[in-house]
Every structure is written in structure tokens, then in C-alpha cells.
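Undergrad: compute the structure for the input listed below.
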Amino acid sequence: MSQESLTPKPRTAAQALVDQLVANGVEHVFAVPGESYLPVLDALHESGIRITVCRQEGGAAMMAEAHGKATGRPGICFVTRGPGATNASAGIHIAQQDSTPMILFVGQIERGLRDREAWQEIDYRAAFGPICKWATEVETGARMPEYVSRAFHTACGGRPGPVVMALPKDMLKDPVPGPAAPAFVPVEAAPGAEDLARLGALLAEAQAPFLVLGGSRWDERAYADIRAFAEAFDLPVATSYRRLPLFDPLHPNYAGDLGLAANAKLVARVKAADLLIVLGGRLGEVASQMYALLDIPGPRTRLVHIHPGPEELGRVYVPHLAINAAPTRMAAALARLPAPSATPWSEGTREAHGEYLAWSETATPQPGTVNFGEVMIQLRDALPSDAILCNGAGNYAAWIHRFYRFRRLSTHMAPTSGSMGYGVPAAVAMKRLHPERTVISLNGDGDFLMNGQEFATAVQYGLNIVCIVADNASYGTIRMHQERDFPGRVCATDLVNPDFAAYARAFGGAGFTVERTEDFPAALDAALAAGLPSIIHVKIAVDAITPGATLTTIREKALAGR
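TA: Sure thing, here's the model as predicted:
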């Protein structure tokens, strides 16, 4: 036997990539296979990493984003070049706007073919650079451990977000000497003593303070710490758009969420605050009520903005006090602040919680035979506190935000970017991550069919998610705006839909139809007991467009104002 045959061959770049994933504790990846990265698929074969094979790259990317949102560690997605990558871009945009750690690996053409517009060639740095934290291409296989290590650090550092890494097909066979890079360790920025002293002084001077929670980088300890801080100072607390699980809604300090169609009484209270503490969130367009809560750039209200990404501080609003800190470290520091002897705003805190309860307790009257607000109340009464609800975008979500109550952290997976088609992929990802928990996907009809093919993925892996499809035969959100701006001139918003219960059965799942509010509990029980992926087709009237208005009243108001 020759000496050469006894010498171990160096790893390939593909194997080095997978070794790096293993070193960083990756247990799940989401993928649509492609010949451009076959060596990586081969390296994954015996890695122990679970692969969820998806039906379209947009769904795969949304699954990875949901996984990153739920765990705080990068969700991993693999797609092929060209159309595979562009299909996945919707998930990248969600991760960017939602501050979610994620890494998208994209197969790429061979290095020697670049700049010829070869088959499916794309410049990924140019295409993805504006919608991610870092877009790159691995030029030399020997640098694979370095690049993947940097991708993990970048995705999780400061304000989390997505990384896109292109993998030239021939590069994946390059030899890679040396071991894997060490596993990444997130850097959690902490507040300084001076920051805390200034914040304490501002609280001591305040007469009507308000705390708004948002963003990512939260964990169970931070969830408990911020509750302790709110209790010690008896602060009213609001959550920003689609961050409802950051505070228990039944806690006496909870005042509601600053989302779309927020409670007008809550918005008035936030505007009247003399000290606004924003922790974790960017106070973006929706949470700021279309940038109407505070003056730009210099708010008259004393604003304390706490964010893990220093680039966000002063980006829109110049705060009275800016603190560069992650919610984890900041919440721990706030929980240790000495409690005041008196809080003159306590009565207002109780009133704010009472207003939230009055706003969310009882469903509003609706036209038609199904009241979706009642459906949400039936869900909140029937589901366990650790149930996970996933949804995309559409007016149906207004009933979720108003009437459902998220009692635990990370029980709501929904894009703050308002991207449609998210509910089913996110539910698949959550059931893969937590097979023992109840996972519900809430969808509009147009919303569902943007990624409804991933129901087949749920069937393939035996994931008994329950998909609720609110069918009003319309792109309802667009129809609502159409009636406001062009009343009575309906164009391009009507839909003709399939029998969604039959759709479920065609894939090998269970299907149920609900045409009356009182029939929903039995359908839910049957879906949960089926042991199969299920769809509950809920038929609602198109006129039932929001909890507080109908299309008819919106149209009449628009016509009267002409």
C-alpha cells in the first residue's frame, strides 16, 4: 500500500461548510434541492442535520426565517441559483425587516463562467445587498470556515438579520485544510452605569411614562426581567407591531399593541406620555402609527431609545437618551433598578389595562354568518398557552391582533414586513421545531395560495398543523383601500377560490368547512384530533373587512366625502 493511499484526503469545501454548521449547533435546514450545490447535499447526508425539503424556495426561506425568529439563532436555507435564489428573496426581505438571524446559501455557476451571463447567472452581491446584512460569494474553498463563521457572527450581531452566501459549483470541490472554526458566541451589548443613572433620573421626573417593547433578541430571562421592571415601576406597557408575545396581555400593566388599527385610546395615551421608553424595536412605520406618534427628527416627548444596533439610534428620531444594548442585557439591568417609593401614574396604568380588556374581550358585530372575531375568541379559549399561531398578511390578521391573547414568548410567528404567504411555511417550521406543540396557521384566501403548496411538505413529514383559511373571495386589504380611494369601482381584487377542504384531502390531509360561527369549535376539535395536517375552510362575508368597519360603511363614507 502506497504512502499516498494512507494519507487522509483533505475535506472538500462542501464538507467544510457542513462541518461548520454542525460546529455551530445547526439541527435543521430548509431547502429546495439543486444540482448547483449537490456536493453540499451529499455532505449533509450523514451529518445528523435534519433537512426539510420544500416545494418552492420562497416557502423554504420563510421556514428558515421563522426558525430564526423562534430560536434567536440563524435559520439556514439552501436554494439553487438564479430563479431559486430570486424565489427565496421574499424570505430574505422578511428577515431584514423583522431583524431575524438567517443565512441563505445559494448555488452559483462555476467561477470560470462568470460575467458571460451564463445559464442562471446572477451577481448576488448586487441583487441581495440592499435587503440583507451581508451578501457575498466564496471565491476560494480554503476560506469556507472563515466565511461561514463570519456569516453566523454577522447574522446575530447588533440588529440581527439575513446573510446571503453564493457557492460557486466548482468551488465546493476545493480542498480545505485545517479544522472548523470555533462556534460563534453572540455578543450582547449591555448598558453602562451612566445610561442607567440617566434613565433612573428621567423616570424620577416623569408624570406619565410609557414602555413600548419590540424587536428581536429576547429570551425567557429577558421576558421575566422586563415584567419585573414594569411591576416595580408600575409602568403601562405596549407591544409594537407583531411583537405581542413580549408581554402577557392579562398582566395588569399591559395596555395593548401599537399595530395596524390600534386602539385609539392606546394611541392617545402614548401621545400624551411625557417619557416614552422604546426597548428593542425600531419604532417603524406601523408601530409609530405612520410616524405620527412623535415629531421627526426631534420629538417633544422625552424619548429613551434602547436598541442592539447602534445604527438605529437616531436614524429617524433623535432620542433624549440613546442606549446601545440588547434586550437581554437591558432587561436584566432594568430589573435591578431600585423601585420608586411612589408612582403617580399607577391609576393611569390600571385604566390603560382596562381599556385594553374592553377593546379585546368581546367580538364586534359582523355581517354574514361567520364572525371571525368570535372565531379568535374560540381559539384563545380552546388552545393551550404554548400553542403557536402563524400568519401572513391580510385584513383577517386584524382579528388576531385584537382578540387573540399570546400568553407566552415566541408563540406568534408573523412578518412585521406584512408579507403574504408566510403562515403555512412558518407553521411547518414550527412543527418541525416543536412537534409536541399545537401549531396553527391562520391565512386569508389569497394569502394561503401564495405558499399553500407547502401543505404538501407538512403531509410529507407528518406534521399535523391546522391551517385556518378565512375565505372572502377577495384580496380584502386591497379592496378596502380601493373602496376608500375609488369607491364602488372594484377592479382586480375579486378571487375565485377552490374548495380548500377538498384541497387538503387531495394532498392526503384532513379538510373541514365552516359556514357558521357556531360550527367552528367542532371543526377545530376534529382538525386537532385528525392526526393529519388539516385545513379548516372558513367562509366569511367580503363585507366583513375589519373588526370596526365594513366595506359598505367605508364606501359610503368615501362617497359622502366627495
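Undergrad: what stretches of this structure score poorly on pLDDT?
TA: Scanning the chain for pLDDT under 70 picks out 1-8.
Undergrad: partners of His307 in the sheet?
TA: His307 has these beta-bridge partners by DSSP bridges: Asn324.
Undergrad: what residues does it make contact with?
TA: By CB atoms under 8 Å, 6 or more residues apart in numbering, His307 lies in contact with 159, 215, 278, 280-282, 313, 323-325. C-beta: built from backbone N, CA, C; applies to glycine.
Undergrad: go on, Ala339?
TA: Here Ala339 is in contact with 232-233 (CB under 8 Å, 6+ apart).
Undergrad: neighbour-wise, which one of the contacts of His307 leads?
TA: For the contacts of His307, the largest neighbour count, defined by other CB atoms under 10 Å, is 29 neighbours, found at Gly280.
Undergrad: how close does that residue get to Val237?
TA: Going from Gly280 to Val237 by CB to CB, to the nearest Å gives 12 Å.
Undergrad: anything in contact with each of the two?
TA: Common neighbours of Gly280 and Val237, using CB under 8 Å, 6+ apart, are Leu213.
Undergrad: residues touching the residue nearest to Gly112 when sequence neighbours are not counted, list them.
TA: Distances taken as CB to CB, 6 or more residues apart in numbering place Asp170 nearest to Gly112, at 7.4 Å, with adjacent residues excluded. Residues in contact with Asp170 (CB under 8 Å, 6+ apart) are 110-112.
Undergrad: tell me the phi and psi of Asp170?
TA: Its backbone dihedrals place Asp170 at phi -70, psi -30, with angles given as degrees, to the nearest 10.
Undergrad: what's the closest of the contacts of Asp170 to Met420?
TA: Using CB to CB, Glu110 comes nearest to Met420 of the contacts of Asp170, at 35.8 Å.
Undergrad: correct me if wrong: the closest one contacts Pro168.
TA: Yes - taking CB atoms under 8 Å as the definition, Glu110 is a contact partner of Pro168 at 6.0 Å.
Undergrad: so these two - more neighbours on which side?
TA: Between Glu110 and Pro168, Pro168 has the larger neighbour count (other CB under 10 Å), namely 24 against 12.
Undergrad: returning to that earlier point: next one: the residue nearest to Gly112 from Leu104, what distance?
TA: 20 Å.
Undergrad: buried stuff in stretch 337-345?
TA: Using 16 or more other CB atoms under 10 Å as the burial criterion, the residues of stretch 337-345 that qualify are 337, 343, 345.
Undergrad: ignore what I typed, I meant stretch 365-377.
TA: Of all the residues in stretch 365-377, those buried under the rule 16+ other CB under 10 Å are 366, 368, 370-377.
Undergrad: and stretch 509-521, by the same measure?
TA: Across stretch 509-521, burial judged by 16+ other CB under 10 Å covers 509-514, 517, 519-520.
Undergrad: now distance to Arg150 and secondary structure too, for the residues you listed, in a markdown table please.
TA: Below are the buried residues of stretch 509-521 laid out as a markdown table (distance: CB to CB, whole Å; DSSP: H, G, I helix; E, B strand; the rest coil):
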| residue | distance to Arg150 | secondary structure |
| --- | --- | --- |
| Gly509 | 41 | coil |
| Ala510 | 45 | strand |
| Gly511 | 46 | strand |
| Phe512 | 48 | strand |
| Thr513 | 51 | strand |
| Val514 | 50 | strand |
| Thr517 | 53 | helix |
| Asp519 | 54 | helix |
| Phe520 | 49 | helix |
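Undergrad: just the buried residues of stretch 365-377 now: which is nearest Asp219?
TA: Of these, the one sitting nearest to Asp219 (CB to CB) turns out to be Met376, at 27.4 Å.
Undergrad: how many neighbouring residues does the residue nearest to Thr546 when sequence neighbours are not counted have?
TA: Counting by CB to CB, 6+ apart, Thr546 lies nearest to Ala398, which is 5.3 Å off, once chain neighbours are set aside. By other CB under 10 Å, 21 other residues sit near Ala398.
Undergrad: helix or strand for Ala398, which one?
TA: Assessed by DSSP states H and E, Ala398 sits inside helix 397-403.
Undergrad: downstream of that helix, the next helix or strand is which one?
TA: strand 412-413.
Undergrad: show me what counts as buried in the helix or strand following that next one.
TA: Once strand 412-413 ends, the next helix or strand along the chain (criterion: DSSP H and E) is helix 423-433. Residues of helix 423-433 classed as buried by neighbour count (16+ other CB under 10 Å): 423-433.
Undergrad: chain center to helix 423-433, what's the gap?
TA: Relative to its chain's centre, helix 423-433 lies at 12 Å (CA atoms, centre = their mean, to the nearest Å).
Undergrad: may I have it exported as PDB, CA atoms only?
TA: The C-alpha trace of helix 423-433 is given here as PDB (Å, rounded to 0.1, in the frame of the first residue of the first chain):
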ATOM      1  CA  GLY A 423     -48.400  31.300   7.600                       C
ATOM      2  CA  VAL A 424     -48.100  27.800   6.100                       C
ATOM      3  CA  PRO A 425     -44.300  27.800   5.800                       C
ATOM      4  CA  ALA A 426     -43.900  29.200   9.300                       C
ATOM      5  CA  ALA A 427     -46.300  26.600  10.700                       C
ATOM      6  CA  VAL A 428     -44.300  23.800   9.000                       C
ATOM      7  CA  ALA A 429     -41.000  25.200  10.500                       C
ATOM      8  CA  MET A 430     -42.600  25.500  14.000                       C
ATOM      9  CA  LYS A 431     -44.000  21.900  13.900                       C
ATOM     10  CA  ARG A 432     -40.500  20.600  12.900                       C
ATOM     11  CA  LEU A 433     -39.000  22.500  15.800                       C
END
